[in-house]
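A.B. asks: only the shape, not the letters, is given here:
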């Protein structure tokens with residue numbers, strides 16, 4: 001499995017760097033070709049945009065964080081901004097990709113799209129298997145999106161939004177069927193907000209009280225709700241997010257333990273190593289060595 005060279009940092013790719021004209025939305029169709037820009041996807045990287053790929057056939061193994069996916073025919077793959085990804089090799093692919101940024105979702109009237117299950121992804125899934133009926137619907141909707149994408153003008157934006165809304169809503173229904181869950185209560189929504197704040201600030205904020213302040217509630221109330229809804233103490237969510245990011249960096253990069261510790265807001269690398277071993281049972285070095293042996 002590819003890793004970064006010693007002096008490399010994990011690159012973050014924007015839509016502009018992938019050839020998007022406006023930097024907010026992009027649709028591309030692949031018919032067996034291997035675009036030149038895909039070469040940079042063979043190293044660990046992050047994207048700063050949402051990415052959907054409808055695979056009709058072809059493809060290779062693709063990683064999202066520490067999970068490998070062998071791309072299947074007539075399936076849809078999706079990821080969110082900030083996740084560590086890589087492709088193991090370039091291979092011919094037939095399909096359609098749709099990419100859009102958080103800024104695109106912030107435009108009127110797109111805000112509601114960010115709350116759809118597919119984009120919130122509470123179950124951390126990245127693959128939807130499609131029936132023949134699903135394939136027909138997705139292909140038709142993507143064809144309509146593609147037609148509007150190549151038809152600039154004052155109506156392009158609302159038409160793109162309309163077709164994208166239909167696509168994401170349909171896929172969200174499939175998501176809830178393939179990753180079952182229930183409608184959230186007020187306390188469950190608070191848990192989601194807490195996790196979202198952790199996602200945004202885990203590098204610099206390691207205490208529950210800091211997140212309670214961001215949410216304008218008391219630390220006691222936040223701790224009580226989070227424990228009741230998740231079964232885990234509020235501090236555990238922060239610690240798990242730090243461990244996840246540490247695992248990502250140990251798995252995908254050659255950064256030293258000291259560099260990773262500082263990147264995650266730990267002033268003392270030895271304290272970070274003790275924290276990581278307490279949470280995982282392994283030192284950072286042991287985890288790195290074991291993961292490289294498991295996925296050579």
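C.D. replies: Received it, and whenever you're ready, just let me know what you need. As the structure is a computational prediction, the values presented were derived from the model and not from experiment. Numbers count the residues shown, from 1 in each chain.
A.B. asks: can we go C-alpha only for contacts and neighbour counts from here?
C.D. replies: OK.
A.B. asks: from residue 47, how far off is the spatially most central residue of the chain?
C.D. replies: In the chain, the C-alpha closest to the average C-alpha coordinate belongs to residue 80, at a distance of 2.9 Å (CA atoms, centre = their mean). In this view, residue 80 and residue 47 are 8 Å apart by CA to CA, to the nearest Å.
A.B. asks: any regions of the stretch 151-296 of the chain where pLDDT drops low?
C.D. replies: Across the stretch 151-296 of the chain, the ranges flagged by pLDDT under 70 are 181-184, 292-296.
A.B. asks: what are the ranges of the helices in the protein?
C.D. replies: Assignment of helices within the chain using DSSP state H yields the ranges 102-106, 117-120, 132-149, 156-178, 186-201, 208-215, 219-230, 234-252, 257-263, 269-280, 284-294.
A.B. asks: tell me which other helices or strands the third one touches.
C.D. replies: Counting contacts by 3 or more CA pairs under 8 Å, 6 or more residues apart in numbering; DSSP states H and E, the secondary-structure elements packed against helix 132-149 are strand 25-31, helix 156-178.
A.B. asks: adding distance to residue 220, write those out as CSV.
C.D. replies: Compiled in CSV, these are given as follows (distance: least, CA to CA, whole Å):
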stretch, distance to residue 220
strand 25-31, 42
helix 156-178, 32
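A.B. asks: if we can go back for a sec, can I get the helices of the chain in CSV including mean neighbour count and distance to residue 10?
C.D. replies: Shown next, in CSV, are the helices of the chain (neighbours: other CA atoms under 10 Å; distance: least, CA to CA, whole Å):
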stretch, mean neighbour count, distance to residue 10
helix 102-106, 16, 20
helix 117-120, 20, 23
helix 132-149, 16, 31
helix 156-178, 17, 29
helix 186-201, 16, 18
helix 208-215, 17, 27
helix 219-230, 16, 32
helix 234-252, 19, 8
helix 257-263, 17, 12
helix 269-280, 16, 20
helix 284-294, 14, 16
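A.B. asks: residue 74 is nearest to which of the ones you listed?
C.D. replies: Among these, helix 132-149 comes nearest to residue 74, with 6.6 Å by CA to CA.
A.B. asks: what mean pLDDT does the closest one get?
C.D. replies: Confidence over helix 132-149, taken as the mean pLDDT, stands at 95.
A.B. asks: contacts for that helix, please.
C.D. replies: If you take CA atoms under 8 Å, 6 or more residues apart in numbering as the criterion, helix 132-149 is touched by 26, 27, 74, 96, 156, 159, 160, 163, 164, 166, 167.
A.B. asks: stretch 51-61 too?
C.D. replies: Taking CA under 8 Å, 6+ apart as the criterion, the residues outside stretch 51-61 that touch it are 32, 68-80, 87-100.
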